[in-house]
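Colleague: With the input below, show me the fold.
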Amino acid sequence: MVSVAPTEPKTLRRLMAAGLVGSSLEWYDFFIYATAAALVFPKLFFPEATPIVALLLSFSTFWAGFIARPIGGLVFGHVGDKVGRKPALVICLALMAAATFLIGLLPTSATLGVGAPLLLVLLRFLQGIAVGGQWGGVVLLLTETSGPQKRGFAGTFGQAGVPIGVLLGNIAFIAASTTMPAATFASWGWRIPFLASALLFPVVLFIQLKVEDSPVFRELAAKRSDAPAPAPLAEALRTHRKQIIYGAGLMFASNAIFYVSIAGVLSYATATLGLARESVLVVSLLSSLVSIPVILWSGHASDRLGRRPLIIAGAVGLIVWAFPYFLLVDTGSLLWLFVATAVGGVASSLVYGPIAAYLGELFAPHVRYSGASLAYQLASILVSGGTPFIMTALLGATGTSMSVSAFLLLMSVVTLVSVLRLPETHQPEQV
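Modeller: Residues are numbered from 1 along each chain as shown. So this is what the prediction gives:
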């Protein structure tokens, strides 16, 4: 990375706070869709299908957001490398808030017929574009501003937004579903968590008015004043192909077990195991709480130990845990369900915490937004969005959760191979 002057502690703390809040609300918007897709969208938008087909169709719309994420990464990666990290982030946050708010206002199939699921897919697609572009913006603002001695830890304030977003989303759905009759929740109460996305707009305004672009980008912009730079995406694909491919592979294990836990297991535990919806949401909430400090710690530890040791440890942990995970879930016990998801979340967080700094460090500064975003979002379309669908299909085809464990094992092996094929980027002598 380009060497930058130390940032004032007050400025860095303000940026970390803004990054954490903005990322958390952005991921809240993105993940409440997963909960709704598992619990209410099958009946509201696909009422004439059988339960299993309706669930598959609902998870297909969930997948649409992940298909769009690489598009967001490509478009806003270019914007972030050419115009600035901050402008790209601000546009993505505003787009996410608007799309999520409109889902909360969307008529269902009972009112709009076939147009309802089509509009749902469109808005989900816009959510995907937004989240695909925002990740690079928030983590690069954090890591490029913090300096090398705190880069891993600073990046976790963007990464921790993922479990915090899940936590906030679960709280919103638990509050909505427990404070009103089931019929009321199914009729209009589910809309409240989506309409709450309006809270993201003040964060957008704060970042626009109070946060500067990263010192690394400002230095690059100054150097470009004399000669225009080539298209960053094309250059990233030409010169950093290995980093993009293996960088995507780094995310396979963490993404797979995460989406199994927040969407696949939610549907499986309520429909197949007969557990109460609110109880399963509470378990998901508690396991997310466990993940937050682990993400922060792993990023901090990577500033001392290097990025690869933490990721290797997490990948090995997920390989070991793949089959015990569903053996515990299948007991139908809420306690063992929590143990399964919490331990899986800890191993996943060891991988996920250092990723913000690691992916950024794998790419040269002038193609960093494009390259890191493309790697991160390529994993989303290959693994993340399809995981609940794949889990449902595997369960339907095999009749056993062990097939899903085998899928988790395969994804974990991909992550381990990927990190072993990439170099260590952290330089201890810089600390």
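Colleague: What separation do you get for the most centrally placed residue in the chain and residue 288?
Modeller: Centroid-nearest residue in the chain: residue 162, 5.5 Å away (criterion: C-alpha atoms, centre = their mean). Per C-beta to C-beta, to the nearest Å, residue 162 is found 9 Å from residue 288. From N, CA and C alone the C-beta is placed, and that goes for glycine too.
Colleague: still on that earlier bit, helix/strand/coil for the residue nearest to the centre of the chain?
Modeller: Secondary structure assignment for residue 162 (DSSP: H, G, I helix; E, B strand; the rest coil): helix.
Colleague: Count the residues that sit near the closest residue to it other than its chain neighbours.
Modeller: Distances taken as C-beta to C-beta, 6 or more residues apart in numbering place residue 27 nearest to residue 162, at 5.1 Å, with adjacent residues excluded. A total of 26 residues lie near residue 27 under the criterion other C-beta atoms under 10 Å.
Colleague: try the one 3 residues further on
Modeller: When counting by other C-beta under 10 Å, one arrives at 26 neighbours for residue 30.
Colleague: any idea which helix or strand carries it?
Modeller: Element membership for residue 30, per DSSP states H and E: helix 9-39.
Colleague: I'd like the mean pLDDT over that helix, please.
Modeller: For helix 9-39, the mean pLDDT works out to 83.
Colleague: How far away from the center of its chain is that helix?
Modeller: A distance of 10 Å separates the centroid of the chain from that of helix 9-39, by C-alpha atoms, centre = their mean, to the nearest Å.
Colleague: what comes up buried for that helix?
Modeller: Judged by neighbour count (16 or more other C-beta atoms under 10 Å), helix 9-39 contains these buried residues: 12, 15-16, 18-39.
Colleague: and stretch 187-200, what's its mean pLDDT?
Modeller: 91.
Colleague: was I right about residue 416 contacting residue 317?
Modeller: No. With contact defined as C-beta atoms under 8 Å, residue 416 does not count as touching residue 317 (10.4 Å).
Colleague: Is the residue nearest to the centre of the chain in contact with residue 353, as I believe?
Modeller: No. Using C-beta under 8 Å, residue 162 makes no contact with residue 353, being 10.5 Å away.
Colleague: Spit out the residues that contact these two alike.
Modeller: residue 295 (C-beta atoms under 8 Å, 6 or more residues apart in numbering).
Colleague: Show me where the stretch 201-350 of the chain dips below the pLDDT cut-off.
Modeller: By pLDDT under 70, the weakly predicted segments of the stretch 201-350 of the chain are 224-230.
Colleague: which stretches of it form helices?
Modeller: 215-223, 232-239, 241-249, 252-259, 265-271, 277-305, 307-329, 334-361 (DSSP state H, counting those that start in this stretch).
Colleague: The third one vs helix 334-361, what angle?
Modeller: Note on geometry: by axes from the mean of the first three to the mean of the last three C-alpha atoms, to 10 degrees, helix 241-249 and helix 334-361 are set 170 degrees apart in direction.
Colleague: just so I know, which of the helices of the stretch 201-350 of the chain lies nearest residue 176?
Modeller: With C-beta to C-beta as the measure, helix 277-305 is the member of the helices of the stretch 201-350 of the chain nearest residue 176 (10.5 Å).
Colleague: hang on, the earlier thing: so can I have TSV of the helices of the stretch 201-350 of the chain showing mean neighbour count and distance to residue 387?
Modeller: As requested, these are exported to TSV (neighbours: other C-beta atoms under 10 Å; distance: least, C-beta to C-beta, whole Å):
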stretch	mean neighbour count	distance to residue 387
helix 215-223	17	34
helix 232-239	17	26
helix 241-249	19	15
helix 252-259	28	4
helix 265-271	23	11
helix 277-305	21	15
helix 307-329	21	13
helix 334-361	25	13
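Colleague: Count the residues that sit near the residue nearest to residue 55 when sequence neighbours are not counted.
Modeller: In space, residue 55 comes closest to residue 42 once its chain neighbours are excluded; the distance is 5.1 Å by C-beta to C-beta, 6+ apart. A count of neighbours around residue 42, defined by other C-beta under 10 Å, yields 24.
Colleague: Same check on residue 151?
Modeller: Residue 151 has 29 neighbouring residues, counting by other C-beta under 10 Å.
Colleague: Ok, residue 177 next?
Modeller: Neighbours of residue 177 (other C-beta under 10 Å): 23.
Colleague: For it, identify the helix or strand it belongs to.
Modeller: Secondary structure (DSSP H and E) places residue 177 in helix 161-178.
Colleague: tilt between that helix and helix 252-259?
Modeller: 10 degrees.
Colleague: Which other helices and strands does helix 161-178 contact?
Modeller: In terms of contacts (3 or more C-beta pairs under 8 Å, 6 or more residues apart in numbering; DSSP states H and E), helix 161-178 is packed against helix 9-39, helix 191-195, helix 277-305, helix 334-361.
Colleague: From the chain's centre, how far out is the last one? Work that out for me.
Modeller: Right, helix 334-361. On C-alpha atoms, centre = their mean, the centre of helix 334-361 falls 12 Å from that of its chain.
Colleague: And stretch 292-307, by the same measure?
Modeller: Worked out by C-alpha atoms, centre = their mean, stretch 292-307 lies 18 Å from the chain centre.
Colleague: Then stretch 263-272?
Modeller: Using C-alpha atoms, centre = their mean, the offset of stretch 263-272 from its chain centre is 20 Å.
Colleague: With only the CA atoms kept, save that stretch in PDB.
Modeller: What follows is stretch 263-272, C-alpha atoms only, in PDB (Å, rounded to 0.1, in the frame of the first residue of the first chain):
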ATOM      1  CA  ALA A 263     -31.500 -18.100   6.200                       C
ATOM      2  CA  GLY A 264     -31.300 -21.800   5.500                       C
ATOM      3  CA  VAL A 265     -31.400 -23.000   9.100                       C
ATOM      4  CA  LEU A 266     -34.100 -20.500   9.900                       C
ATOM      5  CA  SER A 267     -36.400 -22.100   7.300                       C
ATOM      6  CA  TYR A 268     -35.200 -25.700   8.200                       C
ATOM      7  CA  ALA A 269     -35.600 -25.300  11.900                       C
ATOM      8  CA  THR A 270     -39.100 -23.900  11.700                       C
ATOM      9  CA  ALA A 271     -40.500 -25.900   8.800                       C
ATOM     10  CA  THR A 272     -38.800 -29.300   9.400                       C
END
